[in-house]
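K.L.:
Here is the input, now give the coordinates:
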Amino acid sequence: MTVYLPIAELSVNIFVILGMGAAVGFLSGMFGVGGGFLITPLLIFYNIPPVVAVATGANQVVASSISGAITHFRRGTLDMKLGSVLLMGGLAGATLGVWIFSWLRRLGQLDLIISLLYVVFLGTIGSLMLAESLRAMRRAARNEKLPLKRPGQHNWVHRLPLKMRFKKSKIYLSAIPVVALGFGIGILTSVMGVGGGFIMVPAMIYLLRIPTNVVVGTSLFQIIFVTAYTTMVQAATNYSVDIVLATILMVAGVIGAQYGVRVGQKLRGEQLRALLGLLVLAVGLRLAVDLVLTPADIYSISVGGFGSP
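P.N.:
Here you go, the predicted model:
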């Protein structure tokens with residue numbers, strides 16, 4: 001069964017799109033990431049123009065993130081105060097990111113930049129996460145324990161000024177790195193169509209030392225509003241959000257996220273990080289291969305960046 005996408009200007013198999021949305025929603029609920037790092041490349045692999053894939057993929061992230069965040073809120077694993085500080089930086093970053101997106105599109109370099117960014121970010125983050133999780137699993141197999149952290153022992157982040165107390169997370173932390181993290185994620189959301197959870201979750205755990213039990217829900221909370229804002233601005237500025245494609249992805253994503261949360265609670269933390277690291281590396285490798293292989297059609301003609309070869 002095919003459906004026509006008016007903005008992308010092509011017909012697609014609705015069951016393939018439903019499968020993509022459900023799979024990404026499942027991963028969103030299981031790993032606590034928005035899923036944009038996966039849905040945008042998948043749409044590009046399916047010949048959706050990158051400019052449409054980025055803007056519409058961000059919209060799908062909203063749906064799957066809402067579903068997962070509600071579940072974490074009910075279980076008391078969402079820090080609203082911490083999420084609000086992240087959101088302040090995220091909205092500012094998203095505003096700048098939309099401007100960068102429009103500028104790259106006018107230069108005609110948007111498709112290449114998006115692919116290169118995905119290869120670099122996914123390759124780096126995936127490698128780091130996989131290496132760390134494998135070390136953790138080896139320690140667990142040998143019954144080795146990490147040395148206990150002495151009270152008062154902090155890294156440089158905890159010496160920054162403008163400290164705030166986040167009661168839900170039980171931490172006393174400067175607002176500067178939190179806002180900066182949100183700002184960076186906001187830029188990535190606008191330029192790459194990602195929720196940014198695949199960067200935010202590790203950064204919150206390893207850099208900011210936020211307890212793991214509240215990281216996933218808080219990450220999803222910030223992702224909801226930044227991606228929703230990005231979607232609205234992209235639609236108004238670049239006219240690149242395909243509502244038909246977005247609706248199909250949203251419906252499937254909400255359903256998949258509910259099952260993902262349940263599965264994620266049955267796996268240990270290092271197992272989740274290893275699976276996510278492998279997935280991130282696989283997507284990055286696939287994009288890297290596409291960049292170096294000679295395309296079947298060397299020349300293409302498009303109108304306004306929306307046409308297909």
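K.L.:
Run a quick neighbour tally on the nearest residue to Phe15 once chain neighbours are set aside.
P.N.:
If the residues on either side of it in the chain are set aside, Phe15 comes closest to Met1, at 6.6 Å by CB to CB, 6 or more residues apart in numbering. Where you see a C-beta, it was placed from the backbone N, CA and C, and this is true even at glycine. A count of neighbours around Met1, defined by other CB atoms under 10 Å, yields 7.
K.L.:
burial of Leu107, as a residue count?
P.N.:
The local packing count at Leu107 equals 9, with neighbours defined by other CB under 10 Å.
K.L.:
so where do the strands sit in the stretch 151-300 of the chain?
P.N.:
In chain order, the stretch 151-300 of the chain shows strands spanning 163-166, 171-174, with DSSP state E, counting those that start in this stretch as the criterion.
K.L.:
Looking at those strands, which one is packed in the most?
P.N.:
The densest packing among these, expressed as mean neighbour count by mean count of other CB atoms under 10 Å, is seen in strand 171-174 with a mean of 17.
K.L.:
Residues contacting it, please?
P.N.:
Counting contacts by CB atoms under 8 Å, 6 or more residues apart in numbering, the residues outside strand 171-174 that touch it are 157-158, 160-166, 208-211.
K.L.:
averaged over its residues, what pLDDT does that strand have?
P.N.:
Along strand 171-174, the predicted confidence averages to a pLDDT of 78.
K.L.:
Pull the contacting residues for Leu91.
P.N.:
Contact criterion CB under 8 Å, 6+ apart gives Gly186, Phe225, Val226, Tyr229 as the residues in contact with Leu91.
K.L.:
any idea which of the contacts of strand 171-174 is closest to Arg135?
P.N.:
Comparing the contacts of strand 171-174 against Arg135 with CB to CB places Arg209 closest, at 18.1 Å.
K.L.:
tally of neighbours for that closest one?
P.N.:
Residues lying near Arg209 (other CB under 10 Å) number 15.
K.L.:
For Leu128, see how far away it is.
P.N.:
17 Å (CB to CB, to the nearest Å).
K.L.:
And for Gly217?
P.N.:
23 Å.
K.L.:
what do you get for Leu285?
P.N.:
Counting by CB to CB, the gap from Leu285 to Leu128 is 15 Å.
K.L.:
again, but for Leu43
P.N.:
If you go by CB to CB, the gap between Leu43 and Leu128 works out to 26 Å.
K.L.:
which of those two has more neighbours?
P.N.:
Here Leu43 and Leu128 are compared on neighbour count by other CB under 10 Å; more neighbours surround Leu43, at 26 against 15.
K.L.:
So the more buried one sits against Thr56, correct?
P.N.:
Yes: in terms of CB atoms under 8 Å, Leu43 counts as a neighbour of Thr56; the distance is 7.2 Å.
K.L.:
shared neighbours of the two, which are they?
P.N.:
Counting by CB under 8 Å, 6+ apart, the contacts common to Leu43 and Thr56 are Leu245.
K.L.:
count of neighbours near Val178?
P.N.:
Other residues near Val178 number 27, with proximity taken as other CB under 10 Å.
K.L.:
How many residues are close by the nearest residue to it once chain neighbours are set aside?
P.N.:
Of all residues beyond its chain neighbours, the one nearest Val178 is Val85 (4.7 Å), with distances taken as CB to CB, 6+ apart. Other residues lying near Val85 total 20 when counted by other CB under 10 Å.
K.L.:
next one: Asn13
P.N.:
As a burial measure, Asn13 scores 12 neighbours (other CB under 10 Å).
K.L.:
Leu245 contacts Glu9, correct?
P.N.:
No: under the criterion of CB under 8 Å, Leu245 lies out of contact with Glu9, with a separation of 11.4 Å.
K.L.:
what about the two, which has more around it?
P.N.:
Here Leu245 and Glu9 are compared on neighbour count by other CB under 10 Å; more neighbours surround Leu245, at 26 against 16.
K.L.:
ok, the more buried one to Ala55 distance?
P.N.:
From Leu245 to Ala55 the distance is 10 Å (CB to CB).
K.L.:
what do you get for Leu112?
P.N.:
For Leu112, the distance to Ala55 (CB to CB) stands at 17 Å.
K.L.:
These two: who's more crowded?
P.N.:
More crowded of Leu112 and Ala55, by other CB under 10 Å: Ala55, with 28 against 12.
K.L.:
wait, Phe221 sits on Ala69?
P.N.:
Yes: using CB under 8 Å, Phe221 is in contact with Ala69, at 5.1 Å.
K.L.:
Return every residue with contacts to both of those two.
P.N.:
Between them, Phe221 and Ala69 share the neighbouring residues Leu78, with contact defined by CB under 8 Å, 6+ apart.
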